[in-house]
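1. predicted coordinates and the sequence they were generated for:
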Amino acid sequence: MPNRYAYLGPEGTFTEAALRSLEPGAPAASLVACNGVDAVFAAVRAGEVEGGVVPLENSVEGGVPATIAELIAGEPLLIDAEVAVPVQFTLFVREGTGLSDIKRVATHPHALAQCRGWVARHLGDAETFTVSSTAAAAQAVAEPGAPYDAAIAAPIAGERYGLTALVEGIGDRPDAATRFIRMVRPGPLPAPTGADRTSLVAFLSDDHPGALVELLNQFAVRGVNLVRLESRPTGDGLGRYCFCLDAVGHVADARVGEALMGLRRICKDVRFLGSYPRAGADTEFTPFMPSRGTTNADFHEAALWLERIRRGEIA
Ligand SMILES: O=C(O)C(=O)C[C@]1(C(=O)O)C=C[C@@H](O)C=C1
């Protein structure tokens, strides 16, 4: 029996494309379409599937709120894989509909945000509606008595629902990409590959000048490169934030492990979200020279030295 994976559906979403690129040979029957990010997380937690794929962040519109809310406050799961997918948007209609016939356009909120300029220029008088995914919009346009005249969706969604591509490439940034993560129930971590990413959420213990700097310093002094920092409300009142962080490296690396221990000492809470192979390892991160005392060899040598002096070998 192949592993089953849940994803934000229905068929034809960018999330399905992300899942297929993570699991190239997976039979269609093993891919379970869910109608919301929360439903994907629920299916993983309930053990109905081995893992679930959800969008995390987009290069134009930033973090996906539903995913981040689950990562921060939902019953903990781990990220075990990620993939970055280029996102290009097509305006789909039923056969015979022209641009001037379009009064109601539907899509996912993140997709609408990425096509805002084009929609304002070409569909300025149309009403826009947001739905659970781009493919859900395409599916709705294809229905008899459809509530919408057009959908903004991935090229594959149009084929899947038998729609006509009226205009291709309507995204304001043709180079846009979305990062997707695969969530699994807690268990053994993926082995370090040498090109990994560690994700976590840090909750400050109190609010004082320099609190965020102290948190960031835990990474800086150990030569750990941060590649994402996003503050999100904790939900406990205005002005209460937690910080979603992505660091280069694996928790098995001395520098990352020590940085996490430092956070644990100074934060009210630290939620570890996973260490996993990073996508686009060749291009996404600019290589940097480790600063003095922060190479792997430096960490190794210092650990051996500490063991020696603890054994009393050095006066
Ligand atoms: O609606 C889809 O097709 C999705 O996979 C969701 C989603 C998102 O949440 O950002 C994924 C990629 C695009 O940026 C637009 C929508």
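-> In hand now; what should we look at?
2. how close does Arg179 sit to Arg197?
-> As for Arg179, its distance to Arg197 is 10 Å (criterion: C-beta to C-beta, to the nearest Å). (C-beta placed from N, C-alpha, C; glycine too.)
3. quick check: neighbours shared by the two?
-> Common neighbours of Arg179 and Arg197 are listed as Glu82 (criterion: C-beta atoms under 8 Å, 6 or more residues apart in numbering).
4. mind listing the helices for this protein?
-> Remark: helices assigned in the chain by DSSP state H are 14-22, 37-45, 65-73, 109-114, 116-122, 134-142, 155-160, 211-220, 254-266, 296-310.
5. how about the ones you listed in CSV, adding mean neighbour count, distance to the ligand and mean pLDDT?
-> Compiled in CSV, the helices of the chain are given as follows (neighbours: other C-beta atoms under 10 Å; distance: least, C-beta to the nearest ligand atom, whole Å; pLDDT from 0 to 100):
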stretch, mean neighbour count, distance to the ligand, mean pLDDT
helix 14-22, 23, 4, 97
helix 37-45, 21, 8, 98
helix 65-73, 19, 8, 97
helix 109-114, 21, 3, 97
helix 116-122, 14, 13, 98
helix 134-142, 25, 4, 98
helix 155-160, 20, 7, 94
helix 211-220, 16, 27, 97
helix 254-266, 18, 28, 97
helix 296-310, 12, 36, 94
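6. need those helices in CSV with distance to Ile79, can you?
-> Listed next are the helices of the chain as CSV, based on distance: least, C-beta to C-beta, whole Å:
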stretch, distance to Ile79
helix 14-22, 12
helix 37-45, 11
helix 65-73, 8
helix 109-114, 19
helix 116-122, 29
helix 134-142, 23
helix 155-160, 25
helix 211-220, 19
helix 254-266, 15
helix 296-310, 24
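7. near the ligand, which residues of the stretch 101-250 of the chain?
-> His108, His110, Ala111, Ser133, Thr134, Ala135, Ala154, Thr178 (C-beta under 6 Å from any ligand atom).
8. closest one of the residues you listed to Leu306?
-> Thr178 (43.4 Å; C-beta to C-beta).
9. the closest one is in contact with Val54, isn't it?
-> No: look at Thr178 against Val54 with C-beta atoms under 8 Å: they stay out of range, at 10.4 Å.
10. more neighbours: which of the two?
-> With neighbours defined as other C-beta atoms under 10 Å, Thr178 and Val54 compare such that Val54 has more, 27 against 24.
11. and the pLDDT at that one?
-> Among the per-residue scores, Val54 holds a pLDDT of 98.
12. ok, it to Leu226 distance?
-> The gap separating Val54 from Leu226 is 22 Å, by C-beta to C-beta.
13. I am finished for the moment; much appreciated.
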